[in-house]
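In: Here you go, sequence then predicted model.
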Amino acid sequence: MKLHQAYLAIAFVGSTSVDGFSSPQQGRIMMPTVSSTARFSAVVEEVATNGATADMKMPTAWECDEEAECVEVPACDDEECRTTLDVRIHGKWYDLSGWRKAHPAGAHWIDWYDGRDATEVMDAFHSAKGREMYKRLPASAPDTAAVLEASTAPYSQTELNFRKLRDELEADGWWDRDFVHEGKLLAIWTSLVVGAGLTVDSAAPLSTFLLALSMTNAGWLGHDYIHGIDKFANFMRPFAAVAAGLGPTWWSDKHNKHHALTNEMGVDEDIATDPFLFPWAPDPEHDSPLRKIQHLIFYIPFSFLFALWRVDTLQVAVESVEEKRPDAKNELWYLLAHYAVLLTFFPFQVWVPAVFLSGLMSALIVTPTHQSEEFFEEYQPDWVTAQFRSTRNAVTTNPFSEWLWGGMQYQLEHHLFPSMPRSKYPLLRPILQKFADENNVPGGYRESGEFEILYMNWDLYRKVAEADPVPGAPYSRGNGQLGAIDSQGGVAAGGVGLGKLM
């Protein structure tokens with residue numbers, strides 16, 4: 001039984017005058033039936049049975065399209081399809097059971113908010129249109145909403161202040177894209193690809209290096225466009241597939257849950273990197289001999305990052321076509337176009353090392369900004385504070401590093417405002433520093449030098465390598481979080497976070 005259904009059942013037993021386990025009363029038996037709007041929550045209707053056939057209402061559910069237009073339909077079997085998904089957004093509970101299948105980003109991680117608040121996540125990932133669409137979705141049954149509200153953490157003052165900040169930034173145009181800046185970044189990527197192509201015969205090592213830089217750069221550009229909610233970002237969404245061989249669908253499936261549930265053990269796939277890299281001492285059952293030398297060999301699994309992402313991308317792309325997900329066929333064609341160009345113009349001895357070099361550079365950038373900070377064994381209801389506690393920025397020391405990090409040095413800015421163009425993050429930094437001070441955020445605004453943060457990450461691996469296993473320690477794939485990664489079929493399910501082949 002899902003958590004909020006259990007709460008509802010307890011509330012029913014404790015509050016209703018109908019007792020399903022009491023002896024029959026003379027002349028009238030009060031029988032519980034499922035409400036036509038609450039579906040499988042424990043809200044009941046009274047039906048009299050005085051020897052006559054009871055007038056029972058058949059249970060119904062909601063069915064929604066991609067525009068969040070919903071109609072009531074006969075309820076299906078709870079074991080065959082989802083019949084309850086109540087989520088709070090800006091203080092109101094919505095029934096998303098009919099919307100989950102129509103949700104463009106998929107249903108696999110939206111289920112995690114069943115019986116929880118999703119306000120910050122809704123605002124962070126969606127356009128103005130999307131944030132209006134959810135208001136058309138059916139409200140949760142009143143009795144259901146009342147019980148869930150009583151069992152859900154109230155909004156913190158930090159969350160409320162953050163929403164005011166977000167509204168102010170939106171009103172001031174912080175999501176407006178700087179096209180001159182975008183042009184410069186795309187010109188740099190183009191020059192790297194052209195340079196790699198021109199030197200492929202005369203200077204193969206240089207070609208490999210330039211191609212690796214172009215792949216890493218394409219990853220950061222594609223990352224920005226996939227997160228983006230403006231027209232330009234939507235137009236450029238296929239860029240990651242064409243330029244880096246990384247599919248938007250795969251990226252969204254994996255990466256959005258990392259943003260929504262950052263550093264939550266067993267849920268955030270980006271920290272499920274065992275059995276090659278352990279960010280905390282594991283239970284003996286899940287330990288590996290490699291842990292003892294992980295600080296000495298970390299660069300090997302790091303180097304496999306892009307290669308395994310590419311494999312995962314192709315697998316998800318094919319599955320998406322079979323499942324008829326939106327734009328899946330076009331995405332597969334973009335990926336095929338990428339490999340056609342790559343294999344035509346670059347020989348094996350150039351592009352293969354480039355993939356592994358790019359993986360190493362990318363892993364050195366994405367890993368330390370979270371693994372150096374706090375991990376959570378439990379769900380964090382205050383999303384804003386959790387982002388501050390689980391994220392550390394890197395302060396770059398030169399223009400090349402500032403470009404190479406691709407905006408990921410402003411990791412906190414990106415996590416709090418993932419759809420904002422990355423060109424805005426440097427100016428956002430002092431605003432968030434002030435916000436952290438004024439709201440007494442635990443740990444404040446965290447940042448370290450680019451080499452210091454790399455050392456912090458390496459030192460974490462060293463300390464965990466030297467530590468003894470800890471009986472009962474959370475498993476990275478869901479021992480403490482209801483098996484979220486394995487049960488929801490994420491990229492890391494049944495394997496390692498860096499990919500299923502290792």
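Out: Thanks, I have the structure now.

In: Can you list the buried residues in stretch 112-132?
Out: Neighbour counts over stretch 112-132 (16 or more other CB atoms under 10 Å) mark 112-127 as buried. Glycine gets a C-beta too; all of them are placed from N, C-alpha and C.

In: just checking, which of those residues belong to helices?
Out: Taking DSSP state H as the definition of helices, those contribute 119-125.

In: between these, which is nearest H415?
Out: Lowest distance from H415 to these (CB to CB) belongs to A124, with 8.4 Å.

In: Disregarding residues adjacent in the polypeptide, which is nearest to the closest one?
Out: P418 (5.6 Å; CB to CB, 6 or more residues apart in numbering).

In: Kindly report the same for E120.
Out: Nearest non-adjacent residue to E120 (CB to CB, 6+ apart): W383, at 4.1 Å.

In: do L305 as well
Out: Going by CB to CB, 6+ apart, L305 has G359 as its nearest residue, at 3.7 Å.

In: and that neighbour, how many residues sit next to it?
Out: By other CB atoms under 10 Å, the residues close to G359 number 26.

In: Ok, F276 next?
Out: So F276, with other CB under 10 Å, has 19 neighbours.

In: So the residue nearest to E120 sits against M122, correct?
Out: No: assessed by CB atoms under 8 Å, W383 is found out of contact with M122, at 10.5 Å.

In: got the contact list for the closest residue in space to W309 that isn't next to it in sequence?
Out: Distances taken as CB to CB, 6+ apart place L246 nearest to W309, at 5.9 Å, with adjacent residues excluded. Listed by CB atoms under 8 Å, 6 or more residues apart in numbering, the contact set of L246 reads 219, 222, 240, 309-310, 313.

In: helix, strand or coil for L246?
Out: What DSSP: H, G, I helix; E, B strand; the rest coil gives for L246 is coil.

In: Can you tell me how far it is from A260?
Out: The gap separating L246 from A260 is 20 Å, by CB to CB, to the nearest Å.

In: Verify the contact between the residue nearest to A124 and F125 for me.
Out: Yes: with contact defined as CB under 8 Å, P418 counts as touching F125 (6.7 Å).

In: to the chain's geometric centre, what's the distance from stretch 437-455?
Out: 22 Å (CA atoms, centre = their mean, to the nearest Å).

In: hey, what's in contact with both of P418 and F125?
Out: By CB under 8 Å, 6+ apart, the residues touching both P418 and F125 are 227, 259.

In: Reformat the ones in helices among the buried residues of stretch 112-132 as TSV; add pLDDT.
Out: Compiled in TSV, those are given as follows (pLDDT from 0 to 100):
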residue	pLDDT
T119	94
E120	95
V121	91
M122	90
D123	93
A124	91
F125	89
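
In: Take these and lay them out in a markdown table including distance to E182.
Out: Output for those, formatted as a markdown table (distance: CB to CB, whole Å):
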| residue | distance to E182 |
| --- | --- |
| T119 | 30 |
| E120 | 27 |
| V121 | 26 |
| M122 | 27 |
| D123 | 24 |
| A124 | 21 |
| F125 | 21 |
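
In: Considering those residues, which is situated nearest to D230?
Out: F125 (13.6 Å).

In: That closest one: what's it in contact with?
Out: 105, 227, 256, 259-260, 418-419.

In: Put together CSV for those residues, with secondary structure, neighbour count and pLDDT on each row.
Out: Converted to CSV, those look like this (DSSP: H, G, I helix; E, B strand; the rest coil; neighbours: other CB atoms under 10 Å; pLDDT from 0 to 100):
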residue, secondary structure, neighbour count, pLDDT
A105, coil, 17, 68
H227, helix, 23, 93
N256, helix, 21, 81
H259, helix, 19, 90
A260, helix, 23, 89
P418, coil, 21, 95
S419, coil, 18, 95
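
In: P469 and Y445, how far apart?
Out: For P469 relative to Y445 (CB to CB), the value is 35 Å.

In: What are the phi and psi values at F376?
Out: phi -120, psi 130 (degrees, to the nearest 10).

In: Now it. Nearest residue, chain neighbours left out?
Out: E264 (4.9 Å).

In: Got phi/psi on that neighbour?
Out: The phi/psi pair for E264 (degrees, to the nearest 10) is phi -90, psi 120.

In: need the contact list for it.
Out: Here E264 is in contact with 375-376, 378-380, 481 (criterion: CB under 8 Å, 6+ apart).

In: possible to save the residues you listed as JSON lines with distance to L213 and pLDDT?
Out: Below are the contacts of E264 laid out as JSON lines (distance: CB to CB, whole Å; pLDDT from 0 to 100):
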{"residue": "F375", "distance to L213": "32", "pLDDT": "94"}
{"residue": "F376", "distance to L213": "35", "pLDDT": "93"}
{"residue": "E378", "distance to L213": "40", "pLDDT": "86"}
{"residue": "Y379", "distance to L213": "39", "pLDDT": "86"}
{"residue": "Q380", "distance to L213": "36", "pLDDT": "92"}
{"residue": "Q481", "distance to L213": "37", "pLDDT": "34"}
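
In: Most neighbours out of those, which is it?
Out: So for the contacts of E264 (other CB under 10 Å), the most neighbours sit at Q481, 23 neighbours.

In: Specify the local secondary structure of K463.
Out: Once three-state DSSP is applied, K463 turns out helix.

In: Could you measure from it over to S372?
Out: The value you get for K463 to S372, if CB to CB is used, is 12 Å.

In: all strands for this structure, in order.
Out: Taking DSSP state E as the criterion, the chain carries its strands at 60-64, 70-74, 86-89, 92-95, 393-395, 447-449.

In: burial measure for N439, as a count.
Out: Quick note: N439 (other CB under 10 Å) scores 19 neighbours.

In: L186 now?
Out: 16.

In: That one - nearest residue in space that isn't next to it in sequence?
Out: Closest to L186 by CB to CB, 6+ apart is L221, at 7.2 Å.

In: neighbour-wise, which of K463 and S372 wins?
Out: S372 (23 against 12).

In: List the contacts of that one.
Out: So S372 contacts 392, 448, 453, 456-457, 460 (CB under 8 Å, 6+ apart).

In: Would you confirm that A241 contacts G247?
Out: Yes: if you go by CB under 8 Å, A241 and G247 touch, sitting 5.3 Å apart.

In: Residues that sit against both of these two, list them.
Out: Contacts common to A241 and G247, judged by CB under 8 Å, 6+ apart, are 313, 331, 334-335.

In: Closest one to I365 out of those residues, please.
Out: I365 has its nearest neighbour among the shared contacts of A241 and G247 in T313, at 19.1 Å by CB to CB.

In: Quick one: neighbours of the closest one, just the number.
Out: Using other CB under 10 Å, T313 is surrounded by 25 other residues.

In: residues in contact with it?
Out: 241, 245-247, 250-251, 335.

In: Including pLDDT and distance to A153, could these go into a markdown table?
Out: Converted to a markdown table, the contacts of T313 look like this (pLDDT from 0 to 100; distance: CB to CB, whole Å):
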| residue | pLDDT | distance to A153 |
| --- | --- | --- |
| A241 | 96 | 39 |
| G245 | 95 | 41 |
| L246 | 94 | 36 |
| G247 | 92 | 36 |
| W250 | 87 | 32 |
| W251 | 85 | 30 |
| L335 | 96 | 42 |
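
In: Just the buried positions in stretch 295-314, please.
Out: Result for stretch 295-314 [16+ other CB under 10 Å]: buried residues 295, 298, 301-310, 312-314.

In: Report the backbone C-alpha coordinates of it in PDB.
Out: These are the backbone C-alpha positions of stretch 295-314, laid out as PDB (Å, rounded to 0.1, in the frame of the first residue of the first chain):
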ATOM      1  CA  HIS A 295      41.000   6.700  -5.100                       C
ATOM      2  CA  LEU A 296      43.800   5.200  -7.200                       C
ATOM      3  CA  ILE A 297      41.700   4.100 -10.200                       C
ATOM      4  CA  PHE A 298      38.900   6.700 -10.100                       C
ATOM      5  CA  TYR A 299      40.100   8.100 -13.500                       C
ATOM      6  CA  ILE A 300      39.300   4.800 -15.200                       C
ATOM      7  CA  PRO A 301      35.500   4.700 -14.500                       C
ATOM      8  CA  PHE A 302      35.500   8.500 -15.000                       C
ATOM      9  CA  SER A 303      36.900   8.000 -18.500                       C
ATOM     10  CA  PHE A 304      34.000   5.600 -19.400                       C
ATOM     11  CA  LEU A 305      31.400   8.200 -18.600                       C
ATOM     12  CA  PHE A 306      30.700   9.400 -22.100                       C
ATOM     13  CA  ALA A 307      31.000   6.000 -23.700                       C
ATOM     14  CA  LEU A 308      28.400   4.500 -21.400                       C
ATOM     15  CA  TRP A 309      26.200   7.500 -21.700                       C
ATOM     16  CA  ARG A 310      26.200   6.900 -25.500                       C
ATOM     17  CA  VAL A 311      25.300   3.300 -25.100                       C
ATOM     18  CA  ASP A 312      22.500   4.100 -22.700                       C
ATOM     19  CA  THR A 313      21.300   6.800 -25.100                       C
ATOM     20  CA  LEU A 314      20.900   4.400 -28.000                       C
END
